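> 3D model of this:
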Amino acid sequence: MAEEIERFLCIASYEKGHDFLRQCAEMGVRPTVLTLDKLRDAGWPREAVEDVATMPAGLSREQLLNTVSWMARGRRFDRVIALDEFDLEAAAQIREHMRIPGMGITTSAYYRDKLAMRTSARESGFLVPEFCRVVNYDELRAYMDRVPAPWLLKPRAEASALGIRKIQEPDQLWRALDELGDRQSHFLLEQFVPGDIFHVDSVVSEREVLFSTVHQYGRPPMQVMHEGGVFTTRTVDRTSRDWMELTALNAGLAPSLGMVRGVTHGEYIKAHADGRYYFLEIAARVGGAFISDLVEFSSGVNLWREWARLEVAWLRGQTYVPPESYESYAGSVLCLAQTAEPDTSIFKAPEIVLWLKKHHHAGLIVRSGDPERVKALLDEYSGEFARRFLASMPPPDKPTA
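Now for the predicted structure:
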């Protein structure tokens, strides 16, 4: 009897996850990429995938189910993977419709819907900024009477800082809700908490965080998204209170929302007012903005490949063994550039380990055994990037990568 072929269906609205696909192929699993028509000729690792199938943008859930069901007539898919956050709910619906193991619709909401994740985290005893659903106007009035402005009006299901509005007084909120009309219930209102923003990226297996690493943003992503500027993030000193407390916080929170196995990108804020750590949001995906490269240079762990190893081990009934890692420090600097191919080769510090290549972006990653050296380089380079390369444009309504 011939050995049964193992296959993954990987859904991607954006081009990403190349290392995931390669790792699957190296382990004998055949991945199929289902992406959009416009990405048919993108740089997918063709040597690693069995097929790149495409579909028009804007399909309804029923049309997507019909598409995947048709594809499954000729190939049996063992797992369905959402390579991008915007495909998480679609993948969950496909799993439930086809009875394929993995995260279902209800659990996926805790890693996609900002209201659901905040409600669950608060019920589990974690600190979150004061928030209110945008459903009942009496609730909103009572909230604004109780919680001092400013507030943030946030889309419940966007990634990063997309679509967030800062609200200074009640009349501004009511005008914004009138503008949103029937879409307003897809938002939440949250207290603006000034502080330092951190991200914790982790690997979860059988409801336990087996690997994680802590980084700190230079400027809050929301500020960079809405005001422009240079984006930076760097590894936190592993001997610091920030590292130890955020590692412990994330180890409890990431699985508490229902994650059994996978990767997470969580964001937390250390409030200037009281020095406590508040949960902001978490996603069941690898972090964007070259964060996966940053994690790999600071620890030796490639999150895309570990995610694939985790999924394949589960498929085969094997125990996932976390990778060997090392302790270094890395930082990245990235900005929108005025030119299509900005020349960053003028930066030649020995700590530079990667010059990032992305259309109309300038970026690089540095690595050192000394966290203060990384911080000093980012401080220097963020100023130079702003002077040499920085372009500005209004924040997008939809994600661009």
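> in the stretch 1-150 of the chain, which ranges drop under the pLDDT threshold?
1-3 (pLDDT under 70).
> Let me see the ranges of the strands in it.
Here the stretch 1-150 of the chain has its strands, by DSSP state E, counting those that start in this stretch, at 7-11, 30-36, 51-55, 79-82, 131-133.
> So which of the ones you listed is nearest F389?
Relative to F389, the nearest member of the strands of the stretch 1-150 of the chain by Cβ to Cβ is strand 30-36, separated by 29.4 Å. In short, each C-beta sits where N, CA and C put it, glycine included.
> got the contact list for the residue nearest to the spatial centre of the chain?
Note on the chain: the residue nearest the mean C-alpha position is G287, at 3.8 Å, using Cα atoms, centre = their mean. Neighbouring residues of G287 by Cβ atoms under 8 Å, 6 or more residues apart in numbering: 199, 201, 265, 295, 303.
> ok, back up a step: so can I have a markdown table of the strands of the stretch 1-150 of the chain showing distance to K154 and mean neighbour count?
Shown next, in a markdown table, are these (distance: least, Cβ to Cβ, whole Å; neighbours: other Cβ atoms under 10 Å):
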| stretch | distance to K154 | mean neighbour count |
| --- | --- | --- |
| strand 7-11 | 25 | 24 |
| strand 30-36 | 26 | 22 |
| strand 51-55 | 29 | 16 |
| strand 79-82 | 21 | 24 |
| strand 131-133 | 9 | 18 |
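> mind checking the SS state of the residue nearest to the centre of the chain?
Three-state call for G287 (DSSP: H, G, I helix; E, B strand; the rest coil): coil.
> Let me know the pLDDT of it.
Looking at G287, its pLDDT reads 93.
> what's the spacing between it and H215?
9 Å (Cβ to Cβ, to the nearest Å).
> Now the common contact residues for those two.
Counting by Cβ under 8 Å, 6+ apart, the common neighbours of G287 and H215 are 199, 201, 295.
> In which helix or strand does the first one reside?
Element membership of H199, judged by DSSP states H and E, is strand 195-205.
> How far away from the center of its chain is the helix or strand following that strand?
Downstream of strand 195-205, the first helix or strand assigned by DSSP H and E is strand 208-217. Centre-to-centre, strand 208-217 and its host chain are 13 Å apart (Cα atoms, centre = their mean, to the nearest Å).
> now stretch 70-86
Worked out by Cα atoms, centre = their mean, stretch 70-86 lies 21 Å from the chain centre.
> ditto for stretch 298-315
That offset, for stretch 298-315, works out to 16 Å (Cα atoms, centre = their mean).
> cool, and stretch 223-237?
For stretch 223-237 - counting by Cα atoms, centre = their mean - the centre lies 15 Å from the chain centre.
> Could I get the buried residue list for the biggest helix by length in the chain?
Counting by DSSP state H, the longest helix found in the chain is helix 371-388. For helix 371-388, burial by neighbour count (16 or more other Cβ atoms under 10 Å) applies to 371, 373-375, 377-378, 381-382, 384-385, 388.
> Stretch 13-31 too?
By neighbour count on 16+ other Cβ under 10 Å, the buried set for stretch 13-31 is 13-17, 19-25, 27, 29-31.
> Over to stretch 69-89?
71-72, 77-89.
> gap between the two ends of it?
End-to-end span of stretch 69-89 (Cα to Cα, to the nearest Å): 17 Å.
> what do you get for stretch 297-311?
Stretch 297-311 has its terminal residues 23 Å apart, counting by Cα to Cα.
> quick check: angle from the strand holding H199 to strand 208-217?
150 degrees (axes from the mean of the first three to the mean of the last three Cα atoms, to 10 degrees).
> Paired strands for strand 195-205, with orientation please.
strand 208-217 (antiparallel), strand 261-271 (antiparallel) (DSSP bridges).
> gap between that strand and the chain center?
For strand 195-205, the distance to the chain centre is 10 Å (Cα atoms, centre = their mean).
> quick one on the thing from earlier: reformat the strands of the stretch 1-150 of the chain into JSON lines and put distance to P342 next to each item.
Formatted as JSON lines, the strands of the stretch 1-150 of the chain follow (distance: least, Cβ to Cβ, whole Å):
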{"stretch": "strand 7-11", "distance to P342": "31"}
{"stretch": "strand 30-36", "distance to P342": "27"}
{"stretch": "strand 51-55", "distance to P342": "30"}
{"stretch": "strand 79-82", "distance to P342": "32"}
{"stretch": "strand 131-133", "distance to P342": "39"}
